[in-house]
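Student: structure here, sequence nowhere to be found:
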């Protein structure tokens with residue numbers, strides 16, 4: 001009888017730790033791809049609401065670094081323009097300019113000079129570039145919609161938003177959307193530049 005050789009043990013390289021690292025890398029890649037998809041979906045909805053073109057889907061092969069340059073498939077550097085989003089103070093200043101423009105167009109010095117329901121505007125701001133938000137005192141203590149004095153007509157939020165866009169839009173090309181909302185934020189109406197152009 002010949003010598004029986006002992007069976008060789010085949011050891012896996014890296015063991016369970018390597019397997020866990022591989023799973024972690026694959027999982028991270030999947031999460032990154034899903035995250036890009038969700039972000040593009042949100043951007044698409046905003047662009048669609050504003051009447052603009054849908055943004056192109058980004059190429060995953062292009063990686064931007066902190067200096068604002070990217071590398072395409074060939075590895076060549078591609079300069080990326082850096083556009084800083086306006087800060088809260090700039091956005092508020094822009095909203096104030098739009099309101100001053102509206103007051104001047106109506107020949108009044110404050111919202112108290114507006115006729116009802118426009119005199120129910122209590123404040124305004126700009127949550128995003130091109131968006132003017134008007135906060136309307138359109139709630140009564142009992143929760144019923146507010147009405148103009150001496151009338152039974154309810155305050156029309158869409159009417160306020162559309163009037164603001166119709167007055168401001170022609171001379172303010174940077175105005176994309178007006179939102180009129182109640183002070184508690186429970187009710188709102190929007191009117192976009194696209195709505196204005198469609199109505200005209």
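Tutor: Perfect, thanks for sending it. The model shown is predicted, which means the values in this text are computed figures rather than measured ones. Residues are numbered from 1 along each chain as shown.
Student: C-alpha from now on. contacts and neighbour counts both.
Tutor: Will do.
Student: give me the below-cutoff pLDDT ranges for the protein.
Tutor: 1-82, 140-144 (pLDDT under 70).
Student: residue 122 versus residue 107, what's the distance?
Tutor: In this view, residue 107 and residue 122 are 19 Å apart by CA to CA, to the nearest Å.
Student: right, and residue 158 touches residue 187 too?
Tutor: No: applying CA atoms under 8 Å as the test, residue 158 and residue 187 come out as separate, 10.4 Å apart.
Student: between the two, which has more neighbouring residues?
Tutor: A side-by-side neighbour count of residue 158 and residue 187, using other CA atoms under 10 Å, places residue 158 first with 17 against 13.
Student: now that one, what's its secondary structure?
Tutor: helix (DSSP: H, G, I helix; E, B strand; the rest coil).
Student: which one's more surrounded, residue 107 and residue 122?
Tutor: The residue with more neighbours, out of residue 107 and residue 122, is residue 122; 15 against 11, by other CA under 10 Å.
Student: what's residue 169 sitting at in phi/psi?
Tutor: phi -50, psi -50 (degrees, to the nearest 10).
Student: what does residue 100 give?
Tutor: Per degrees, to the nearest 10, the backbone of residue 100 is at phi -60, psi -40.
Student: same question for the one 4 residues further on.
Tutor: According to degrees, to the nearest 10, the main-chain angles of residue 104 amount to phi -60, psi -40.
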